[in-house]
Structures are given as C-alpha cells and as structure tokens.
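S.K.: Sequence and predicted structure are below.
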Amino acid sequence: MTVSQLPVLLILLPLLGGISTLFARPKGIGLQRVLSLTFTSALLLLSVYTVSIANSGDYSVYLLGNWTAPFGIVLVLDRLSSLMLLLTAILAIVALCYAISQDTDKKGQHFHVLYQIQLFGLNGAFLTGDLFNLFVFFEVLLLASYGLLLHGGGRLRTKGGLHYVVINLVGSSLFLFAVGTLYGILGTLNIADMSTHINQLDTADQGIVAAAGLLLLVVFGIKAAIFPLYLWLPGAYAHTSAAVAALFAIMTKVGLYAIIRVHGTLFSEQAGGLAGLYADVVLVLGLVTLAMAVLGVFASRALKEQTAFLILASVATILIGVGINTTASLAATLYYLIHSTLIGAGLFLLADIIARARGSYSDRLRAGAPIKHAIFIGSVFFITAIAIVGMPPLSGFIGKVMILEAALSSTFSAWIYAVILLGSLLMIMAMARSGSILFYQVDTSLDGDGEKLNLRAMAMALILVLASPVLVIAAGPVSEFTQSVASQLSNHQAYINAVMSQPAYQGGK
Amino acid sequence: MEWLVAIAIGVMTSCGVYLVLRARTFPLVLGLTLISYAVNVFLFVMGRLQIGEAAIISADTTKYTDPLPQALVLTAIVIAFGMTAFLIVLALKARSELGNDHVDGMSYVAEEQEKKTAVGDSK
C-alpha cells in the first residue's frame, strides 16, 4: 500500500468496521465491542500517521474511479483535514471506551454499528473535495447521529431527537437548493473547479452565486448551531447519553469545517466582487451566538444543559475567529477548536459521572445529598470548568488570548473584545455557581443514593480533561502546527492546482 | 415550459414550508416530502430543460442533455426516501411515548409535573 491510497483508506476503515460489527451481532455484544475497539484504535493510529504525512505540506489527492478532476469525485487530504481526522479519532476512542465502561451500548441495538458509520460519515465529510459528495457524507453522518442520539430511548430524548431530525431534514433540502443553483451557474461541483469559475464570473451572475453561497451558510449554520438556528442543540445534546454527546462535540465542528473549507475556498480574496462574502456575516452571527449561549449557560437548570450551552459558546468563539478571516485568526481559532472539542466532550462525560454519583438528584442544579469521592470529582470539575471558561493557566485562556490578539486588526475589534470578555466573566460566574451548588451546598442529613464511582469511566473523562494542561505545555508545537494549517489554507491557488492537476493513475509500476 | 416548471417548484416549496410550520408531526412529514419533491425537480432543471435529447455519448447525435443533474437527483431521491421513512417511524415513536402528535411532545404543564415527581419531595 502506498501513501496515495491513504485518503480512501481513512473512509473505508470505519465503513468496514460498521459492516463487520453488524455481522458480529449474533455472536453477542462482546465480539462487537472487541471489533469496534479494534477498528477505532486502528483509525486512531492511521490518523496519527495521516497527520505526519499531511504535515509535509503536500496535498494528497485521491481520484475515485481514476477520473481526473473536475469530472470525477476527489478526496483531498491537507493539514486541516488531517487535524480534524485526528481530533475525531481521539474523541471516538475515548467516547467508545466510556460507552463500554458505562454499558451504554447495552441499552439498545446496533450501538457499535451506528458508531462506526458515524465515523465513516465524519471522515468522509472531512476528506471530500466535491460539494455534492459533501452532501452525501453529511447525510451519512446525520442518519447515524439520529440513531445514536435516540439510542436507549426515553421521552425527553425522543422529543429532543425529533427537533434535531426535522431541522436537519430541512437543512438537507436547503443544501440541495444551494448545490443546484451553484451547479446551474458554475457548471461544476468540484470545490477547486468552482473556485476558478467564480473568479471568471459575469457580474450579472454574481448575485445569484452570492445567494446560493449564503444559503449554503444557512445549511452549515444549522450543523454548527449558529444563531438563530441553534435552538435544537441544548435539547438534543442534554438528553442523549453522555458518550454520544461527547462524540457530538465534533459534530458542530463539521459545520465550522465546512464553512472554512467551502466558503473559504469559493469566496477567497481571488473571488473578485464576491471576495469575503461570508466573513462579516459569520463574525456578527458569532457575536450574537456567543451572547445567547452565555445567557443560556446562566439560565440552565441542569449541568448537561449547561454543558450544551458551553459547547455553543465555544462554537460562537470559533465563528468569531473564522469571521475575522486572517491567517493569524485562523491559526488561533484552530488551536481553540482543538481545546474546546476535547474539553467540551470531557465535561459531558464528567457531567454524566456527577449525575450518576448524585443518584435521584441527577444533574439538576439544586442542593442534594452528599456524594461519594466528592473531593476527587470536585477537583476534576474545577479544572474542567477553568479550562472551558478560559481562565489562566489552562488552554482555553491561551486560545482566547490568541483570538483576541488576532481581533485587533478587525473593524469589529471593540465588539469582539466586549462580547468575549464579558461572556467569559459571566461564564466563570455561572460555573462557580454550579460547582458550589453541586459540591458545597449539600444536605449532610440526607443519605445519597448515587452509584459507586466507575473508575474506568472516570479515567476516560480524565484523559479528555488532561488534554488541557497538555495543550498548554505543548502550546509551542501545537500553535506552530495550527499556523502551518492556516498558512496552507490561505494559499488557495495551491489547493486548486493540486486538485486540478492530479494525473490519473496509469497502471504499471 | 420554463415558467410552468418554475411555478410548479414554487407552489410545491411554499406548500411544503407552510406544512412544515404546522405543529403536528403528520403535516410536518407531508411538508418535508413536498419540499424534497420540489428540490428534486429543481436539481433536474439545473441541467437546463431539453426534450428528447440523449444523455449518453453516441456517434449519431450532436445535441445532449446534461447527465449530471440526473445522477444527482437519483441520489437525492434515495436519500430523501430513506430520511422520510425514518422520520415517519420517529414520529410514531414520539406519538406513543409522548402521548400526542405535537412536535413539542407533552404540554408544558405535564412536563413540569414529570420533573417534579422525578425530583421527589426534596424541598
């Protein structure tokens, strides 16, 4: 096997995992677990290797069916996609171990099959270089996510799931309208080729391409949960199982990735009258989303709901970074993206552990009976809370400082500073309140009916939380890497050349 | 011809949007189906309207119709079909679990009561 087959292998591996776990079902959940763990760890190793390949700065372009672009579908592996793949794989293995240790996968059928298909859809979405193919992979990952979200059942889960499914079905229809319009004007769906066509567009056609581009932004906005399309997120994420919610920390980032990839390439500085069409819209919506998310964090009545709003706040911060639209801001945003994905997922796992330890009080934010191992769980919660709200000395702080530094060049810098700093302050207050209610305001006269601490599950939450100090210690190399990702992203011509000039495989040798 | 197709797409979409905004799951499913029909016709028309032209290259014709939108529509139909089937099953599940077919499930008061009973009588 040569390196040239790598992009397609990253997609095929989870697909094979899904198929084999499906066939392993008659043999019981034990074999399914072994297979699922094997395939996910193999994916993790392959993703680490992928990052080392992509870090050379070359684009790995894979022509499906050996049709050259723009006639066939291409898979493109660059630094950004390799970063997203690695993040997905890390989250996938940790969330899978958590699901197994808490027996989440025994609560219903086909958990492991859906899980692998979810990874298949995610990896496909991160690698494809074709807009219609992106739609197909979105549908794959969404269909798997519907199954995972509803896994285990329950009234609130069904209600939140219904909203999630319906809004995403509407989003899929809008995606097709946008794709159709772009194809009607540009005559191609290959992202690189579309970009070249936009450069040579008639002024008469610019309006309609802009409309389609903004329609596409609405679609990605639904996935990323941007104001005013975020209302599905708290209900869906707060009521699903913790392992699934942790994996879904990457799902909102798929929408953000799509904005960076599709809008960044199509409406780059070379796009003439349409250059930077999306940036200011994204920036302003990011600011509004952050304000709404912070209010949500404050108003939440349960810890999982609060975590869902914190995820929303991190999405909003990333949006602001994308909206500033410079190489420096993109590098800072990607650093913050790594941090917020891992810590957000860690907080979901921790919220579940706290909810189990509190027994019938669950994760509701009201004084309850004392919990076992309160000092240990409380300290981990303290570290996680510091990391996620962005207080020094953990990675959230570094990420936010880098974004704020990049914001100096923006015309909206005053607004960005005001919203991010005030938002952080309010989030610190909200998290301090949650922590003191959960761990200090206990009624010692009551007997807790919580579960015993599941050490293996706690270890999984710890791994994700400890990513934050690791990101601080390795801040130099990590931010160097995100800078190289951002500078590769800003070189649109290289992307277009790599995709369009990839020769077909001639056989032989 | 063009205006007829355009009006058909417009009417289907607006009926679909109206139905999607209803509060019950059944009109919602019908609305999403109508929107997906409209999308399919829209995608098809994006290859421009041609009548009686070949889609596959052959020696004895010079005029072709664009085959790509036809392939896209085929994919879109399959996906929309699968999604509608899933949504119908989910709507039935929601109907049996939540007790009615409102998209928000139980009425607000009932949900509050459920929360209270779940917490028990702890202050």
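M.R.: Thanks, I have it.

S.K.: can you pull the pLDDT of residue B:120?
M.R.: Residue B:120 carries a pLDDT value of 48.

S.K.: which residues make contact with stretch B:75-84 from outside it?
M.R.: The contact list for stretch B:75-84, computed with C-beta atoms under 8 Å, 6 or more residues apart in numbering or on different chains, reads A:132, A:136, A:139, A:143, A:169, A:172, A:176, B:29, B:32-33, B:36, B:39-40, B:43. For the C-beta atoms, the positions are set from N, CA and C on the backbone; glycine is no exception.

S.K.: could I get those as a markdown table with distance to residue A:189, neighbour count and secondary structure?
M.R.: Converted to a markdown table, the contacts of stretch B:75-84 look like this (distance: C-beta to C-beta, whole Å; neighbours: other C-beta atoms under 10 Å in any protein chain shown; DSSP: H, G, I helix; E, B strand; the rest coil):
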| residue | distance to residue A:189 | neighbour count | secondary structure |
| --- | --- | --- | --- |
| A:132 | 5 | 23 | helix |
| A:136 | 11 | 20 | helix |
| A:139 | 15 | 23 | helix |
| A:143 | 21 | 20 | helix |
| A:169 | 21 | 26 | helix |
| A:172 | 16 | 24 | helix |
| A:176 | 12 | 26 | helix |
| B:29 | 29 | 19 | helix |
| B:32 | 24 | 23 | helix |
| B:33 | 25 | 20 | helix |
| B:36 | 19 | 22 | helix |
| B:39 | 15 | 26 | helix |
| B:40 | 17 | 22 | helix |
| B:43 | 11 | 27 | helix |
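
S.K.: Report the distance from the least confident helix or strand in chain A by mean pLDDT to the chain centre.
M.R.: Within chain A, confidence by mean pLDDT, DSSP states H and E is lowest for helix A:232-239 among all helices and strands, at a mean of 89. With C-alpha atoms, centre = their mean, to the nearest Å as the basis, helix A:232-239 stands 15 Å off its chain's centre.

S.K.: Export it to CSV, keeping only CA atoms.
M.R.: C-alpha atoms of helix A:232-239 as CSV (Å, rounded to 0.1, in the frame of the first residue of the first chain):
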residue,chain,number,x,y,z
TRP,A,232,-32.2,22.3,18.6
LEU,A,233,-28.8,21.8,20.3
PRO,A,234,-29.5,22.1,24.0
GLY,A,235,-32.5,19.7,23.9
ALA,A,236,-30.7,17.2,21.7
TYR,A,237,-27.3,17.2,23.5
ALA,A,238,-28.5,17.5,27.0
HIS,A,239,-30.8,14.4,26.9
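
S.K.: Can you name the residues in contact with that helix?
M.R.: A:149, A:154, A:156-157, A:159-161, A:163-164, A:167, A:225, A:245, A:248, A:252, A:296, A:300, A:302, A:304-305, A:307-309, A:311-312, A:348.

S.K.: And the contacts of the helix or strand that that helix is followed by?
M.R.: Using DSSP states H and E, the next helix or strand after helix A:232-239 towards the C-terminus is helix A:242-247. With C-beta under 8 Å, 6+ apart as the test, helix A:242-247 has contacts from A:91-92, A:94-96, A:98-99, A:102, A:104, A:115, A:118, A:148-149, A:151, A:237-238, A:304, A:307-308, A:345-346, A:348-349, A:351-352, A:464.

S.K.: Pull out the buried residues from stretch A:51-59.
M.R.: A:51, A:54, A:59 (16 or more other C-beta atoms under 10 Å in any protein chain shown).

S.K.: Leaving out sequence neighbours, find the closest residue to the last one.
M.R.: Leaving aside its sequence neighbours, residue A:59 sits nearest to residue A:498 (C-beta to C-beta, 6 or more residues apart in numbering or on different chains; 3.7 Å).

S.K.: so residue A:282 makes contact with residue A:217?
M.R.: Yes - between residue A:282 and residue A:217 there is a contact under C-beta atoms under 8 Å: 7.4 Å.

S.K.: Now for those two: what residues contact both?
M.R.: Contacts common to residue A:282 and residue A:217, judged by C-beta under 8 Å, 6+ apart, are residue A:259.

S.K.: Please identify which of those two sits among more neighbours.
M.R.: Shown here are residue A:282 and residue A:217; by other C-beta atoms under 10 Å in any protein chain shown, residue A:282 has more neighbours (28 against 24).

S.K.: And for that one, nearest residue in space, chain neighbours not counted?
M.R.: Nearest one to residue A:282, counting by C-beta to C-beta, 6+ apart, is residue A:323 at 3.9 Å.

S.K.: buried stuff in the helix or strand containing the one you found?
M.R.: Using DSSP H and E, residue A:323 maps to helix A:303-324. For helix A:303-324, the neighbour count (16+ other C-beta under 10 Å) marks A:303-324 as buried.

S.K.: The residue nearest the centre of chain B: what's it in contact with?
M.R.: Taking C-alpha atoms, centre = their mean, the centroid of chain B lies closest to residue B:32, which sits 2.8 Å from it. Residue B:32 sits next to A:166, A:169, A:170, A:173, B:16, B:20, B:83, B:84, B:87 when contact means C-beta under 8 Å, 6+ apart.

S.K.: let's see it at 7 Å
M.R.: A:169, B:16, B:20, B:84, B:87 (C-beta atoms under 7 Å, 6 or more residues apart in numbering or on different chains).
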